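>>> have a look; sequence and predicted model below, questions after that.
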Amino acid sequence: MPTTDPLLKVTGLTKHFPIRKGLLQRQVGAVQAVDDVTFSVQSGQTLSLVGESGCGKTTTGRMVTRLLEPTSGSILFDGRELSHLSVGQLRPLRREIQMIFQDPYSSLNPRHTVGTIVGAPFEIQGVKTPQGTKRAVQDLLELVGLNPEHYNRYPHEFSGGQRQRIGIARSLALKPRLIVADEPVSALDVSIQAQVINLLEDLQEELGLTYIVIAHDLSVVRQMSDRVAVMYLGNLVEIADGHDLYTDSRHPYTRALLSAVPIPDTSRREKRERIRLEGDVPSPIDPPPGCRFHTRCWKATDVCRTQVPPLVEIAPRHEVACHHPEDSLVAAAPAQAAAPVEDAPSGTAASGTMTA
Amino acid sequence: MSPAAPGTTTGSTAYETGIGGLGEPPANAYLSVRDLRVHFPTDDGIVKSVDGLSFDLARGKTLGIVGESGSGKSVTSLSIMGLHKPGTVRMQGSIRLDGQELVGAPAETVRGLRGKKMAMIFQDPLSAMHPFYTVGDQIIEAYQVHNKVPKKAARAHAIDLLGRVGIPQPNKRVDDYPHQFSGGMRQRAMIAMALSCDPDLLIADEPTTALDVTVQAQILDLIRDLQRDFDAAVIIITHDLGVVAELADDILVMYAGRSVEYASAHGVFNEPQHPYTWGLMASMPRLDRDPADRLMPIKGTPPSLISVPPGCPFSPRCAYAARVGAACVTERPAFHAPTSAHYLACHLDDGERMQIWSDEIEPNL
């Protein structure tokens, strides 16, 4: 159980993008991208936000870094409220919260040298480094495994993995405490992806960083996270410690999501039981009432169609927003790292339901 | 140092020993590719996108081609389909589809086969479909190219196909434009288009990469079901080993335009033999592995296809090249099968390779 206050605490975070139409640009509706999302991140840990496209994970990340202003809700970073600070008020805080972007091709200015790109944060923030900016940049390049002599090169001279390292070096320049990484490895090849994942893990250990990782690849998330939050259509449906979520998920959507991940093992092809979700994710402009997942859920009943399920703690450090959570699998079989996604036959005793 | 390829005549130069190895295509092969080379001359030099590739595929079977970006997977599929811009490409070797040679065949001939005997599903359905025409019109057009039927019959066929690929209310959705479909539905519509003339060979180039994981599962199921119904030969091209594990009967691993390992899916996943395949397996985060274990990436980056290292293209990144010595750097490894039907291009001595696999690789996977 955590004894210290979390570094970041997000409560009831909501973002609605207005849809305007007509001559007067009257608001005719809203894209409910993120709705009432609550989570917290302990210092030095990694929280991952997972979900499919359009679930609001990127919007959430952008609100935490305040690239977007939330419609409502609170973002407490180290005890300070950031949700409605002005640009000027935010500037000193920007040093502490940095972002790594998905696409290493479009997130680096092609006309700037690596030295300029990685040195930009010092310049913008007016930070004086003891031995000059150039030396600081070269130290950063070395830290992320790049050759410091590449200071004067341009982004196009680097491969995708190396560019992502440049982006990481830039985000580390001001010694931030929280880094929001939006799909940090999804544009990279498998062999390069592993290099970058390992780098991020090493940097976390070395510098005591706190990460929020936004990703759609559940295998990558499992490798990197201490805690995992699953989102669906703007809502947070389940949040738990990484191991718990992968071995004993309780929300039907999480189970379906995990069962859909292809496993590179041909002998499992026949044995695996896959939960097939029918249809598509509904539009966030007019999300279904009640539980947003009920249109695709095989367990949905009347209460799901009318009442929004609250996020409740179903086991220690494991919260689920569902009217009919799945039974725990742990009571029947001790957690096996080797068989997290196989849907064991239900009917096992529900353990620890609603314990605090 | 280099092991002689069994069943192949030893070539006069190191370059030639890297080819072949597969011998005569088996009688049931619907598609057989032998020593395919696809080179693109550019101002900076010749880009050797595919440089010595051989495989066979029978009807009803699925071949998974796996590799990283720039390994030549997509160029291979475009070569089979004859979709390279004429004049920009130099193709050598042989692609035989149902007994007919495609390399060097007139464009007219290949056009006659496209759609009818072979069809392709592309990665990004939004850019592969024309935004100005309805989904139905595009399927109808593809159908009418090969079948002289009135539009009404073609339309009925299109509706039938959309239904078969799982589009709800196909008689209404047939008149929708691509942008009105979701990503998964667009991919279904493209599959319907590819199936419109009942092709015998279906090439799916990263068919699920742009899709979410639950939709990906739907599409993979669909491809599997349709293959059973149509008894087609399927090539699935992907960088995701999980996807090929779900679908493929055989797997071909490509690196820098060459085949480095080719065997049954079971063989590649349970007893991979090439150091590159080992590297791929060890660097991949996967759900059935303990996340506390560190990933073991392959060091370095893939080579430029303009200046592929001589010898084995993987040697600069290979952790075992030092155990072989100079051959890895100077001599292109022969594509040979140390055990039956498990081909690989590697200089490691067979005994030593098995030793490395059982001592160092298998326990860590």
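On my side now, so go ahead.
>>> and for A:Thr38, the neighbour number?
16 (other Cβ atoms under 10 Å in any protein chain shown). All C-beta spots, glycine's among them, are computed from the backbone N, C-alpha and C.
>>> what residue ranges in chain B score low on pLDDT?
By pLDDT under 70, the low-scoring segments of chain B are B:1-21.
>>> now do the buried residues in stretch B:33-41.
By 16 or more other Cβ atoms under 10 Å in any protein chain shown, the buried positions in stretch B:33-41 come out as B:33-40.
>>> show me the longest helix that occurs in the chain.
I went with chain A, as the question did not name one. The longest helix of chain A (DSSP state H) is helix A:190-207.
>>> actually it's chain B I care about, not the one you picked
helix B:213-230.
>>> C-alpha coordinates for it, PDB please?
In PDB, the C-alpha atoms belonging to helix B:213-230 read as follows (Å, rounded to 0.1, in the frame of the first residue of the first chain):
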ATOM      1  CA  VAL B 213      -6.700  -5.600 -31.500                       C
ATOM      2  CA  THR B 214     -10.300  -6.700 -31.200                       C
ATOM      3  CA  VAL B 215     -11.000  -5.800 -34.800                       C
ATOM      4  CA  GLN B 216      -7.800  -7.500 -35.800                       C
ATOM      5  CA  ALA B 217      -9.100 -10.700 -34.200                       C
ATOM      6  CA  GLN B 218     -12.300 -10.400 -36.200                       C
ATOM      7  CA  ILE B 219     -10.400  -9.900 -39.500                       C
ATOM      8  CA  LEU B 220      -8.000 -12.700 -38.900                       C
ATOM      9  CA  ASP B 221     -11.000 -15.000 -38.200                       C
ATOM     10  CA  LEU B 222     -12.600 -13.800 -41.400                       C
ATOM     11  CA  ILE B 223      -9.500 -14.500 -43.500                       C
ATOM     12  CA  ARG B 224      -9.200 -18.000 -42.000                       C
ATOM     13  CA  ASP B 225     -12.900 -18.800 -42.700                       C
ATOM     14  CA  LEU B 226     -12.800 -17.400 -46.200                       C
ATOM     15  CA  GLN B 227      -9.700 -19.400 -47.000                       C
ATOM     16  CA  ARG B 228     -11.500 -22.500 -46.000                       C
ATOM     17  CA  ASP B 229     -14.600 -21.600 -48.100                       C
ATOM     18  CA  PHE B 230     -12.600 -20.600 -51.200                       C
END
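>>> and it, what does it pack against?
On a contact count with 3 or more Cβ pairs under 8 Å, 6 or more residues apart in numbering or on different chains; DSSP states H and E, helix B:213-230 meets helix A:252-260, helix B:183-195, strand B:201-205, strand B:233-238, helix B:241-247.
>>> now distance to A:Glu142 and mean neighbour count too, for the ones you listed, in TSV please.
Formatted as TSV, the helices and strands packed on helix B:213-230 follow (distance: least, Cβ to Cβ, whole Å; neighbours: other Cβ atoms under 10 Å in any protein chain shown):
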stretch	distance to A:Glu142	mean neighbour count
helix A:252-260	39	23
helix B:183-195	41	25
strand B:201-205	39	24
strand B:233-238	36	25
helix B:241-247	33	24
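>>> what's the closest of these to A:Ser225?
Smallest distance to A:Ser225 across these (Cβ to Cβ): 13.8 Å, for helix A:252-260.
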